[in-house]
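Participant: any chance you can model this:
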Amino acid sequence: MVLEMKLQMPSTFLFTTEKFGSLRASRHMLSKMLRIALYAYVVLIACPVRYWPLESSADATWRFALNYAAAQGSRVASKTVFTMGPLAYLTFPQDVGGNLARGLLFQTGLWLILAMIFADIFFRANFRLRNLALFSFCFALATPLFWFDYVGTEDLILAGALMLIVMFHLHGSPVRFLAALTLLGLLPMFKLSAALIGLGALAGFAVERLIHRRWEALPEVMVTVAVPAAVASTVCLFVLPSVQSVLYYFHGSAEIIRGYSGAMSVPGSRMGLVSAAEAVAVLLVLVLFHATSVLRIARFYVLLLAIPLFVVFKHGFVRQDEHVINFFCFVALALALVSLTLNLDSAGARRVMPLTIIFFVIWQDNVSLGSVSNLVTHPSGEQAARMLWGALRFDRLKERLDSSVEAFPEASRVEPELVRLIGDLPVASLSNSFTNIAASRMQLKLYPVVQRYSAYTPYLDELNAAWIRDEGPRFLVFDGDSTDGRDPWAETPAMWLEVYRWYDARRLGPRNLLLERRSGPRFTKFETIGRFRMPFTGKLNLPASSNAVFWTMKCGYSMRGSLRKLLFRVPSAFMSVHEKGGFTRSARVIPEVLVSPVLGNFLPSSLAQFSAVFNPDSKPDYSVDQVQLESSGSAAYSPTCEVELLQPVQ
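Facilitator: I've put the predicted structure just below:
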């Protein structure tokens, strides 16, 4: 009996060993399959394939304008100023010229690069599956950032560069490092603000290397500076026709960034700021978990992400509406990077998972301000898959995009009688939305700052003014609308001054006013009829006159206001306009641009009043006798302003 038991033990042991071996192999296979599935998922949601039809809106207008400028060639594109760079059209191509094919080719190449970066993370770096699962979840929460306002591909480029920097820090390899620097060097050609975020990350990375390796890190730091600069310079000179055009682009983009805080600020609820603080707190706590084990990893993340977080916070909360999505989604991207190196054993997971759930609640509360796409279609990959599927049949895609011209809303089109008057002559639009010009197949001309409302500073306003004066086409079209309830004329006074000097009203339609260029200027110069200082919120009384009277107002920022403009946002300023008949209206203004002459006694607000002002045969039947600046945060501005009253003369 004992002998039989002894003989059976080896076979039982072998059976048990084989069973455990088979179980181990099954678990290994399951782990491998899950790793592949997670990889396929993040590659799908990171798909950068985008293309857009012709639509009627302000956002559709800048998409079309940048595509149109690129299709016109480098001479036109190099004189175009907007929040994006000369290659940005590749990220939202339309069927204009060869843009669609070039855009899809670029997007495919970028997708392959991103797929290789993810493959490096998922299959070469030996990260644990649970870390990759948390990384994938957080990266999915970042996806609305890559679709925000019809752009975001530049943020995918930035994300790829940040992942490569993290991988280089953890595992080395010059290839990873140089690839990250190359991607960051490309960013200025797509969006200068994204490039600033990338430069902030590089600065933090360089500081960390200097702290850790001291003087031995100097060659690495020099490469960190030299490679992005060389890439950006080379691509700039290849895309733009001259060094002068390169400087023009950077100057214009810098002006837009500088003026954004003062011109586009929209206050929001305090709870939004509280949510931002909570999101950053979650990120900091997770970074502190690293500090308890490997201090250098925690220091690396803090230095890498500190400046980018500040920049995206300002960008997201200066205009505290759906723009806050940018901030919360970037925090999700930062969490994805940090999650790669978290200790997620049983004890670590118990600490990390509650924080992840807290961030998810914060994220969905704030990202839902946009649309259901941010909560479902982008993180799930549905939108990416739909775009990708639509691009597989290029001929059908072109037909579908071309059909959007015929499907353009009739109520948004330029009136047929205006189209007949313009014919095949060149025309520009002073409206925020002017895709109706393209839908009517008219010969569109673009001025430098392609949407008038984006001329936030005197420099940008003067660029458009000089274009009107020197290159203005035969016809201009205007629909009377403005952004954020601004006064249409005071929004860009230098440009409107030249329009008033050189154009007359030709026809007022139900939706648009048609202006036609004069044979000579309406006036040649100004004479001063008054100059004085007044309080920022003082009342400016305008003299009674049958002729046009203009005014300028130089109101700088106080020290407090300058600091707020640098770090956050400036309180909005409004202008109260009182007409002699007793009617008072209020509109938002940008005090910085009021250094250019603003029409005073006939300042128009409606399309009919604009028509009356530009009518060469009659005077307006209304007049303005008083204007006054107002602001809930007047302490942000200088207490007094220098005012000048002007009258045009021949």
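
Participant: pull the residues that contact stretch 635-643.
Facilitator: With Cβ atoms under 8 Å, 6 or more residues apart in numbering as the test, stretch 635-643 has contacts from 530-536, 538, 540, 551-558, 560-561, 564-565, 570-571, 573, 591, 629, 631. Every residue, glycine included, has its C-beta placed from N, CA and C.

Participant: same thing but at 10 Å, please
Facilitator: Identification of contacts with stretch 635-643 by Cβ atoms under 10 Å, 6 or more residues apart in numbering yields 262, 530-538, 540, 551-565, 569-571, 573, 591-592, 594-595, 629, 631.

Participant: show me where this structure has its strands.
Facilitator: Ranges of strands within the chain are 426-429, 443-444, 475-478, 503-508, 513-517, 525-535, 539-541, 550-554, 573-579, 584-589, 598-599, 624-631, 640-649, based on DSSP state E.

Participant: how about the contacts made by Gly73?
Facilitator: Contact analysis of Gly73 by Cβ under 10 Å, 6+ apart lists Gly97, Pro241.

Participant: who's in contact with the residue lying closest to Arg588 once chain neighbours are set aside?
Facilitator: Excluding its sequence neighbours, the residue lying closest to Arg588 (Cβ to Cβ, 6 or more residues apart in numbering) is Arg486, at 4.6 Å. Applying Cβ under 10 Å, 6+ apart to Arg486 gives the contacts Ala263, Tyr453, Thr492, Ser572, Phe574, Met575, Ala587, Arg588, Val589, Ile590.

Participant: which secondary element of this structure has the worst mean pLDDT?
Facilitator: Every helix and strand of the chain was ranked by mean pLDDT, DSSP states H and E. The lowest is helix 372, at a mean of 66.

Participant: the chain - how does it break down into domains?
Facilitator: Per automatic domain parsing, the structural domains of the chain span 23-55+96-388, 410-649.

Participant: to Asn67, which of the ones you listed lies closest?
Facilitator: Nearest to Asn67 among these is domain 23-55+96-388; the distance by Cβ to Cβ comes to 4.4 Å.

Participant: now do the closest one: distance to the chain's middle.
Facilitator: Its chain's C-alpha centre and that of domain 23-55+96-388 lie 15 Å apart, by Cα atoms, centre = their mean, to the nearest Å.

Participant: number of nearby residues for Gly174?
Facilitator: Actually, residue 174 is Pro. It isn't Gly. A total of 10 residues lie near Pro174 under the criterion other Cβ atoms under 10 Å.

Participant: where do the helices sit along the stretch 151-300 of the chain?
Facilitator: Ranges of helices within the stretch 151-300 of the chain are 153-171, 174-186, 192-213, 218-239, 243-263, 270-291, 295-318, based on DSSP state H, counting those that start in this stretch.

Participant: just the buried residues of the longest one, please?
Facilitator: When burial is assessed from 16 or more other Cβ atoms under 10 Å, helix 295-318 yields the following buried residues: 297-305, 307-309, 311-318.

Participant: now that helix against helix 270-291, angle please.
Facilitator: For helix 295-318 against helix 270-291, the angle by axes from the mean of the first three to the mean of the last three Cα atoms, to 10 degrees is 170 degrees.

Participant: and helix 295-318 with helix 243-263, angle?
Facilitator: Counting by the same axes, to 10 degrees, helix 295-318 lies at 70 degrees to helix 243-263.

Participant: with only the CA atoms kept, save helix 295-318 in PDB.
Facilitator: C-alpha atoms of helix 295-318 as PDB (Å, rounded to 0.1, in the frame of the first residue of the first chain):
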ATOM      1  CA  LEU A 295      12.700  61.300  -5.100                       C
ATOM      2  CA  ARG A 296      14.200  62.000  -8.500                       C
ATOM      3  CA  ILE A 297      11.200  60.700 -10.400                       C
ATOM      4  CA  ALA A 298       8.900  63.100  -8.400                       C
ATOM      5  CA  ARG A 299      11.300  66.000  -9.000                       C
ATOM      6  CA  PHE A 300      11.400  65.200 -12.800                       C
ATOM      7  CA  TYR A 301       7.600  65.300 -13.100                       C
ATOM      8  CA  VAL A 302       7.300  68.500 -11.100                       C
ATOM      9  CA  LEU A 303       9.900  70.300 -13.200                       C
ATOM     10  CA  LEU A 304       8.600  68.800 -16.500                       C
ATOM     11  CA  LEU A 305       4.900  69.800 -15.900                       C
ATOM     12  CA  ALA A 306       5.000  73.000 -13.800                       C
ATOM     13  CA  ILE A 307       5.300  75.500 -16.700                       C
ATOM     14  CA  PRO A 308       3.000  73.600 -19.100                       C
ATOM     15  CA  LEU A 309       0.300  73.400 -16.300                       C
ATOM     16  CA  PHE A 310       0.500  77.200 -15.700                       C
ATOM     17  CA  VAL A 311       0.300  78.000 -19.500                       C
ATOM     18  CA  VAL A 312      -2.700  75.600 -20.000                       C
ATOM     19  CA  PHE A 313      -4.400  77.000 -16.900                       C
ATOM     20  CA  LYS A 314      -4.200  80.500 -18.200                       C
ATOM     21  CA  HIS A 315      -5.300  79.500 -21.700                       C
ATOM     22  CA  GLY A 316      -8.200  77.500 -20.200                       C
ATOM     23  CA  PHE A 317      -9.400  80.000 -17.600                       C
ATOM     24  CA  VAL A 318      -8.800  83.400 -19.300                       C
END
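
Participant: what angle do it and helix 153-171 make?
Facilitator: Between helix 295-318 and helix 153-171, the angle comes out at 170 degrees (the same axes, to 10 degrees).

Participant: which secondary structure elements does helix 295-318 contact?
Facilitator: helix 153-171, helix 192-213, helix 243-263, helix 270-291, helix 324-339, helix 559-567 (3 or more Cβ pairs under 10 Å, 6 or more residues apart in numbering; DSSP states H and E).

Participant: can we see that at 8 Å?
Facilitator: With contacts taken as 3 or more Cβ pairs under 8 Å, 6 or more residues apart in numbering; DSSP states H and E, helix 295-318 sits against helix 153-171, helix 192-213, helix 243-263, helix 270-291, helix 324-339.

Participant: just name the most buried of those helices.
Facilitator: When the helices and strands packed on helix 295-318 are scored by mean count of other Cβ atoms under 10 Å, the highest mean neighbour count falls to helix 324-339 (a mean of 24).

Participant: OK, contacts around the closest residue in space to Ala439 that isn't next to it in sequence?
Facilitator: With sequence-adjacent residues excluded and distances taken as Cβ to Cβ, 6+ apart, Ala439 is closest to Phe408, at 3.9 Å. Taking Cβ under 8 Å, 6+ apart, we find Phe408 in contact with Leu54, Glu55, Ser56, Thr435, Asn436, Ala439.

Participant: any idea how far the fifth one lies from Lys445?
Facilitator: Spelled out, that is Asn436. Asn436 sits 15 Å away from Lys445, going by Cβ to Cβ, to the nearest Å.
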